[in-house]
Each structure stands twice: as C-alpha cells, then as structure tokens.
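Colleague: Below are the sequence and a predicted model; questions follow.
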Amino acid sequence: EVKLVESGGGLVQAGGSLRLVCAASGFRFGDYAMGWYRQAPGKEREAVSCISSSDGTTLTVDSVKGRFTISRDNAKSTVYLQMNNLKPEDTAVYYCAPLFLCAGLVPLEYWGKGTLVSVSS
C-alpha cells in the first residue's frame, strides 16, 4: 500500500521559512520522480516542484522559483521542500506525490493528508 505522510507545515510570517518533509512507503521510492503540489482555499491543486528519480534534476514552477528547493534522500524514502521568503500567496495545503517523470508534472494519483502552510502578511 502506497503511503505518503507530509509534515513540517505551520504558521509563519511573510519572509519566513519552512521545511516540508514527505515520508513515503509502499513502493520502490528510488524508481520514481517525486513532486510537491499545493492546494489553496477555493483553488485547484497545482504543481510546485519535482525531482527526478536518478540524477536529481529538478523542475520548479515560476511562482516559487528561487525561493523553494526540492531535494530527496532515497535511503530514507523521503522528499523535502525547503521554502524560503514565503509570501501570503503560498498559503495552501501541501502534498507530495510520486510521478513517472517530472516532465509534464503529472502525478500518480496517490495522496497523503497534506500539511498546511499559512503565511501571514
């Protein structure tokens, strides 16, 4: 059974930082790209960033580029999202998901409960 557990969210002031953690199990973690997605209140879920399974190549959307950094530890089956210089518009529930490839940012439809990030102005 695929299991994804996100953590590390919280309430932070604009300009602050958070580090999100996603612990994965139930599949061969090293064989898959991993992505972070977010869903703001009243909006659809959107992709944030992705890291490839092998060489660590990343893909990050323009709205967070230069502020968010994705990384992974295959030995721990864990993916991280370092978020710096947070803005109120980053407020959302953040989820991780496996992908076959980062290109296209199409996730496999496995989701955890997510972790809430709230950024105050």
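Modeller: Sure, I can see it.
Colleague: Can you give me the neighbour number for residue 91?
Modeller: When neighbours are counted by other C-beta atoms under 10 Å, residue 91 registers 18. For glycine as for every other residue, the C-beta is placed from the backbone atoms N, C-alpha and C.
Colleague: Can you check what pLDDT the model gives it?
Modeller: Looking at residue 91, its pLDDT is 98.
Colleague: what's near enough to touch it?
Modeller: Applying C-beta atoms under 8 Å, 6 or more residues apart in numbering, we find residue 91 in contact with 40, 41, 117, 118, 119.
Colleague: switch to 6 Å and redo it
Modeller: Residue 91 is in contact with 118, 119, counting by C-beta atoms under 6 Å, 6 or more residues apart in numbering.
Colleague: Backbone torsions only: list them for the spatially most central residue of the chain.
Modeller: Centroid-nearest residue in the chain: residue 36, 2.3 Å away (criterion: C-alpha atoms, centre = their mean). The phi/psi pair for residue 36 (degrees, to the nearest 10) reads phi -110, psi 140.
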